[in-house]
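Colleague: take a look and give me a structure for this.
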Amino acid sequence: MWFSFRFLWLLCFSSLAFTATTHLAAGDRGKNLVIPFDVGLKSLLSATATITHNGTVRWSEFDAPTPGTIVNVATEKDVQVTIKYCVSKGVPFLAQNGGHGWINSFNLKQNGVVVNLRGLNAVEFNRDRTQVTLQGGASVGEVINAAYANNAQVLTGNCNCVGTLGAALGGGYGNLLGLHGLSIDNFLSMNVVIADGSLITVTPAVKDLWWALRGAGPNFGIVTSAVMKSLPVPQAENTAWLGGLFFTGDQVEAVAQAIEDLVLQPKMNIFQYYLTTGAPDFMPAVLVTPFFYGSEADGRAAFASIIELGPFLDTTAQTAYPHWNDGAASFCVDGGRKPAYSAGFQKMVSATWRAIWNEFITFLEYPGTGSSVVILEAYPTQLIQSIPASTASFANRDIRFNSIVLPWYNNKSLDAAAEKFGSTVRDLWRSTSGLSENRTYINFAHGDEPNDVVYFSNTARLRSIKKKYDPKHVFSHWLDIEYRK
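Modeller: Numbers count the residues shown, from 1 in each chain. Sure, this is the predicted structure:
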């Protein structure tokens, strides 16, 4: 079908990452070498944990970590002993679940280790389904499927292949945010391996660390499991109206203004994408994806102002909970180069979006860039703004819109053009942001942002807590909190 669009996306949230490796020469990468580091660590691990040197697959190859060793853990204690061992040997390490973190601050080379958490993927509900315990390797898709099977809902991100806790620790936006809050608002406790290798349980009683983990978590430890709130919901009621409304390039201003004017209620959210139809034509289009937790009739009424603009294609439908993220499947494709840039802002300015559309069309003239995308997301903020900002280190409860520009290509020679395109679009968002200072959601950051841009007014307190819990600065790969400054 001519309109078999390659990217009918719902935005995915980046996953957690830290670092660690043995001292392998570049030419030795990929060989299953038996070396002293392996022997020493292997004896401390559980029987089903493994150590390999086959490299690690990342969602983006742009500035990706290149570890020489991967430790595939099987228990929480495996994480603990791996961190203790790496710290004692002076070996850098990075924890990874889905491998979707795109930030360019992953300074992990052949002398580093990736702690692969995917083996820790259990998801268990309590008897009344008001709490869920999930391990650090559980993906969004695994959590949603388990929740549906247990007649429950859990606040997760919108991409099934992304690590649930990795996305949550930065703040955690999701389809049900208007009803349940951010992911960080739903944590009850966390098991965390901190910089000295201790495995501790963090609750609100551990005031500083509880505050810091919920918004800047990767800078303070590896969360091996967490207890979160869940909501009992029968399967028959666990549906939403969602899908795609496609518009042409001459409707850019009208769509932007309609989103600006739209008042999002708790059951709603809306995304906008600049993308292409994919091969062979790669025709540019504007895609809007409304979400309404309820019936189609109520959803269409809630988004009437968008529908009245006259999309040339409407793929919306009533959809069961396990399939809410199906449109994001193409986003889960690993590989390729994807240097993302992002900004938060308060206003949709039509002229700004026309300029961004023009930049997008210009970048598509480079061969092999047809998978690139510009993404806007907007959620109802009534609930999250009712929660005091001081309760967690997440800094963006007041931000109305978050956007990402994602150049996507394979040819490394396009890096400079892609970075120029990305930074130009980010500058355009910032130029009409309606904010007095630049702001960026940490999970979407490029990596060149100063601490104040992502941590905002929480920066000073985070630096103080960092100095207390990570004096050797072993967790330093996720937009590092520079406590020395």
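Colleague: could you check how far F62 is from G335?
Modeller: Relative to G335, F62 is positioned 11 Å away (criterion: C-beta to C-beta, to the nearest Å). C-beta coordinates here come from the backbone N, C-alpha and C atoms, glycine included.
Colleague: kindly apply the preceding question to R463 instead.
Modeller: On the measure of C-beta to C-beta, R463 and G335 end up 36 Å apart.
Colleague: more crowded one of those two?
Modeller: Applying other C-beta atoms under 10 Å to R463 and G335 shows that R463 carries more neighbours, namely 17 against 12.
Colleague: quick check: which element contains that one?
Modeller: Assessed by DSSP states H and E, R463 sits inside helix 459-469.
Colleague: what lies in contact with that helix?
Modeller: If you take C-beta atoms under 8 Å, 6 or more residues apart in numbering as the criterion, helix 459-469 is touched by 194-195, 208-209, 211-212, 216, 219-221, 393, 451-452, 455, 473, 481-483, 485.
Colleague: out of those residues, which are buried?
Modeller: 194-195, 208-209, 211-212, 216, 219-221, 393, 451, 455, 481, 483 (16 or more other C-beta atoms under 10 Å).
Colleague: can you name the two of the residues you listed that are farthest apart?
Modeller: Longest distance between any two of these is 20.6 Å, between I194 and N451; criterion C-beta to C-beta.
Colleague: in the longest helix anywhere in the chain, what's buried?
Modeller: When the chain is scanned for its longest helix (criterion: DSSP state H), the result is helix 415-431. Neighbour-count burial for helix 415-431 flags A417, A418, E419, F421, G422, T424, V425, R426, L428, W429, R430 (criterion: 16+ other C-beta under 10 Å).
Colleague: any idea how far the closest residue to G335 other than its chain neighbours is from V115?
Modeller: Leaving aside its sequence neighbours, G335 sits nearest to E61 (C-beta to C-beta, 6 or more residues apart in numbering; 6.1 Å). Note on E61: its distance to V115, by C-beta to C-beta, is 20 Å.
Colleague: kindly report the same for M190.
Modeller: For M190, the distance to V115 - C-beta to C-beta - is 17 Å.
Colleague: try G243
Modeller: From G243 to V115 the distance is 38 Å (C-beta to C-beta).
Colleague: same question for A418.
Modeller: A418 is 30 Å from V115, by C-beta to C-beta.
Colleague: and for Q382?
Modeller: 38 Å.
Colleague: quick one, strands of the stretch 301-450 of the chain?
Modeller: Ranges of strands within the stretch 301-450 of the chain are 313-314, 317-320, 341-345, 373-378, 401-406, based on DSSP state E, counting those that start in this stretch.
Colleague: so S476, which state does it fall into?
Modeller: coil (DSSP: H, G, I helix; E, B strand; the rest coil).
Colleague: for the helix or strand containing F37, what is the distance to the chain centroid?
Modeller: Element membership for F37, per DSSP H and E: helix 36-42. Relative to the centre of its chain, helix 36-42 is centred 33 Å away, using C-alpha atoms, centre = their mean, to the nearest Å.
Colleague: for it, packing partners?
Modeller: Under the contact definition 3 or more C-beta pairs under 8 Å, 6 or more residues apart in numbering; DSSP states H and E, helix 36-42 sits against strand 50-52, strand 69-72, helix 76-89.
Colleague: any idea of the mean pLDDT in that helix?
Modeller: Across helix 36-42, the average pLDDT comes to 83.
Colleague: mind exporting the C-alpha coordinates of that helix to CSV?
Modeller: Output of helix 36-42 as CSV, limited to C-alpha atoms (Å, rounded to 0.1, in the frame of the first residue of the first chain):
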residue,chain,number,x,y,z
PRO,A,36,42.9,-12.6,34.6
PHE,A,37,40.0,-10.1,34.9
ASP,A,38,37.5,-12.8,33.7
VAL,A,39,38.9,-15.5,36.0
GLY,A,40,38.9,-13.2,39.1
LEU,A,41,35.3,-12.0,38.5
LYS,A,42,33.8,-15.2,37.2
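Colleague: quick one: contacts of that helix?
Modeller: T22, H23, I51, T69, V71, V81, T82, Y85, K89, V91.
Colleague: mind redoing it with 7 Å?
Modeller: Helix 36-42 is contacted by residues T22, I51, T82, Y85, K89 when judged by C-beta atoms under 7 Å, 6 or more residues apart in numbering.
Colleague: over to stretch 236-253?
Modeller: Under C-beta under 7 Å, 6+ apart, the answer for stretch 236-253 is 8, 148, 153, 255, 284-296, 299, 306-307, 309, 311-321, 324, 350, 353-354, 357.
Colleague: tell me how far it is from the chain's mean position?
Modeller: Worked out by C-alpha atoms, centre = their mean, stretch 236-253 lies 22 Å from the chain centre.
Colleague: please apply the same query to stretch 40-59.
Modeller: For stretch 40-59, the distance to the chain centre is 25 Å (C-alpha atoms, centre = their mean).
Colleague: show the end-to-end separation of it, please.
Modeller: Using C-alpha to C-alpha, to the nearest Å, one end of stretch 40-59 lies 31 Å from the other.
Colleague: swap in stretch 97-110?
Modeller: Span of stretch 97-110 from end to end, C-alpha to C-alpha: 19 Å.
Colleague: likewise for stretch 377-395?
Modeller: Start-to-end, stretch 377-395 (C-alpha to C-alpha) is 17 Å.
Colleague: buried ones in the helix holding F37, by neighbour count?
Modeller: Buried, per 16+ other C-beta under 10 Å, within helix 36-42: F37, D38, L41.
Colleague: how many other residues sit next to D250?
Modeller: Around D250 there are 9 residues (other C-beta under 10 Å).
Colleague: and it, that's in a helix?
Modeller: Yes - D250 sits within a helix when classified using three-state DSSP.
Colleague: would you mind measuring from it to V286?
Modeller: Counting by C-beta to C-beta, the gap from D250 to V286 is 10 Å.
Colleague: now swap in A340 and tell me
Modeller: 20 Å.
Colleague: low-confidence ranges in the protein?
Modeller: 1-36, 56, 100, 102, 104-106, 483-485 (pLDDT under 70).
Colleague: go with 90
Modeller: Counting by pLDDT under 90, the ranges of the chain that qualify are 1-40, 52-69, 90-92, 94-114, 159-162, 278-281, 327-335, 447, 471-473, 476-485.
Colleague: who is L231 paired with across the strands?
Modeller: Beta bridges link L231 to Q153 when assigned by DSSP bridges.
Colleague: please apply the same query to S189.
Modeller: Taking DSSP bridges as the rule, S189 bridges to V227.
Colleague: just to revisit the earlier point, quick one: which of the contacts of helix 459-469 sit in helices?
Modeller: D208, L209, W211, A212, A216, N451, D452, Y455.
Colleague: what sits closest to Y85 if chain neighbours are left out?
Modeller: Distances taken as C-beta to C-beta, 6+ apart place L41 nearest to Y85, at 5.0 Å, with adjacent residues excluded.
Colleague: for the stretch 251-400 of the chain, what spans make up the helices?
Modeller: Secondary structure of the stretch 251-400 of the chain (DSSP state H, counting those that start in this stretch): helices located at 252-261, 296-302, 304-307, 350-363, 382-386.
Colleague: please name every helix or strand in contact with the longest one.
Modeller: Secondary-structure packing of helix 350-363 (3 or more C-beta pairs under 7 Å, 6 or more residues apart in numbering; DSSP states H and E): helix 252-261, helix 415-431.
Colleague: of all those helices, which one is nearest G174?
Modeller: helix 252-261 (19.1 Å).
Colleague: just the angle between that closest one and strand 401-406, please?
Modeller: Put simply, helix 252-261 runs at 140 degrees to strand 401-406, going by axes from the mean of the first three to the mean of the last three C-alpha atoms, to 10 degrees.
Colleague: noted, bye for now.
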